[in-house]
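Trainee: Build me a model:
(chains A and B)
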Number of protein chains: 2
Amino acid sequence: MKRIFFFLTAIAAFTGIAAFTAPVSGHVDDEAAPIYGIKIPSGCRDWNLISIGHLAGGNVKQLRAQLGNDIAMDGFRECTLPFQDGTIFAAPHWNEAASDENTKGLARGFPGAGLQSSVAGQFVNVQFMVKDSKKYAATGGWGFADFKDGKPGNETLHKTCFPCHQPAKERDYVFAHYAL
Amino acid sequence: MKRIFFFLTAIAAFTGIAAFTAPVSGHVDDEAAPIYGIKIPSGCRDWNLISIGHLAGGNVKQLRAQLGNDIAMDGFRECTLPFQDGTIFAAPHWNEAASDENTKGLARGFPGAGLQSSVAGQFVNVQFMVKDSKKYAATGGWGFADFKDGKPGNETLHKTCFPCHQPAKERDYVFAHYAL
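Mentor: Numbers count the residues shown, from 1 in each chain, chains lettered A, B, ... in the order given. Here you go, the predicted structure:
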């Protein structure tokens, strides 16, 4: 059983890594997102965690994280707005998957509590926000990008990004709060 | 309005940082967890993201993250088991909080989809797993710690840690799969 479990772990890990960073290593098309010309930044899976979230509605049930590069984290930690040029946020999204093994473990630790665990399952997409106050002046200083399986979404999808962020205009169009 | 939003952001950030790292800076008691003698490791909020999850049951509704130090990440990326001595995992947990502003943004981007967003709200606790195959030989090579508001939980709580992780014995007692 040990080998089987290990193999499954390896597969799960590779699937996620491939989806998130393959374009950087050149294994799939290294395309830039339309409108904003953004490619997946190198090393982004090692950025710091800002916060996490959950999204549900219709047939959507996702777990979501927001990561930031060093310039982004400086902005959060020093509580300064607007975010500085060079700030990049990455937002990987996964389908939520029930975890029987986690739930089983919790039942041992907290019997009778009825705790149900779910985890990040299939990788859905990763979104980026890149701050360049001159280049992206028409969209609040931000460029947006959305990648699925290493490939950028189309222009129609990317036209939804800036309107979506309008309610957070007073916080430089950034919804996430630093949670750590 | 700009100032009000900014102030709220600052408050939210400080609450999280204080809960997670205050013991390191000495603002509250720098206590070690019972049984295992583990303190909150310095710099842990800057570790890499491994995965995220959701927990629900009774009056519990949490969003959860798992972070790893460099030795932990080497283990995941190289797909090697067992994890090496020096591996440390951090698992911060927050109450799930509905986000009206995120939901409003999503309604602009995807009208009619009925998407509901929730985010990491009040900080609940942070748990650690520390690998030391000699020191913690009696518990699979792992020491465990659970902190709330910077203070460790009691011995009774810490006795639940190792039994809880038994179902993941084949993966060196680690439930998390690397999701990025």
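Trainee: Make sure A:Thr156 is indeed in a helix.
Mentor: Yes - assessed with DSSP: H, G, I helix; E, B strand; the rest coil, A:Thr156 lies in a helix.
Trainee: Tell me who's in contact with the residue lying closest to A:Thr160 once chain neighbours are set aside.
Mentor: Take A:Thr160 and drop its neighbours on the chain: the residue closest to it by Cβ to Cβ, 6 or more residues apart in numbering or on different chains is B:Gly109, 4.2 Å away. Bear in mind the C-beta positions are built from the backbone N, C-alpha and C, glycine included. Residues in contact with B:Gly109, defined by Cβ atoms under 8 Å, 6 or more residues apart in numbering or on different chains, are A:Thr160, A:Cys161, A:Pro163, A:Cys164.
Trainee: Neighbour-wise, give me the winner out of those residues.
Mentor: A:Cys161 (23 neighbours; other Cβ atoms under 10 Å in any protein chain shown).
Trainee: Heading C-terminal from the helix or strand of chain A with the lowest mean pLDDT, find the next helix or strand.
Mentor: Ranking every helix and strand in chain A by mean pLDDT, DSSP states H and E puts helix A:2-25 at the bottom, with a mean of 42. Downstream of helix A:2-25, the next assigned helix or strand under DSSP states H and E is strand A:48-57.
Trainee: Pull up the pairing partners for the very next helix or strand once past that following strand, direction included.
Mentor: Where DSSP H and E defines the elements, the next helix or strand beyond strand A:48-57 is strand A:60-68. Strand pairing for strand A:60-68, using DSSP bridges, gives strand A:48-57 (antiparallel), strand A:88-98 (antiparallel).
Trainee: What about contact with chain B: does stretch A:75-82 have any residue there?
Mentor: Yes - against chain B, stretch A:75-82 shows contacts by Cβ under 8 Å from any Cβ of the partner chain at A:Phe76, A:Arg77, A:Cys79, A:Leu81.
Trainee: pLDDT, neighbour count and secondary structure for those residues - can I get that in JSON lines?
Mentor: Shown next, in JSON lines, are the residues of stretch A:75-82 next to chain B (pLDDT from 0 to 100; neighbours: other Cβ atoms under 10 Å in any protein chain shown; DSSP: H, G, I helix; E, B strand; the rest coil):
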{"residue": "A:Phe76", "pLDDT": "93", "neighbour count": "24", "secondary structure": "helix"}
{"residue": "A:Arg77", "pLDDT": "91", "neighbour count": "15", "secondary structure": "helix"}
{"residue": "A:Cys79", "pLDDT": "86", "neighbour count": "14", "secondary structure": "coil"}
{"residue": "A:Leu81", "pLDDT": "94", "neighbour count": "16", "secondary structure": "coil"}
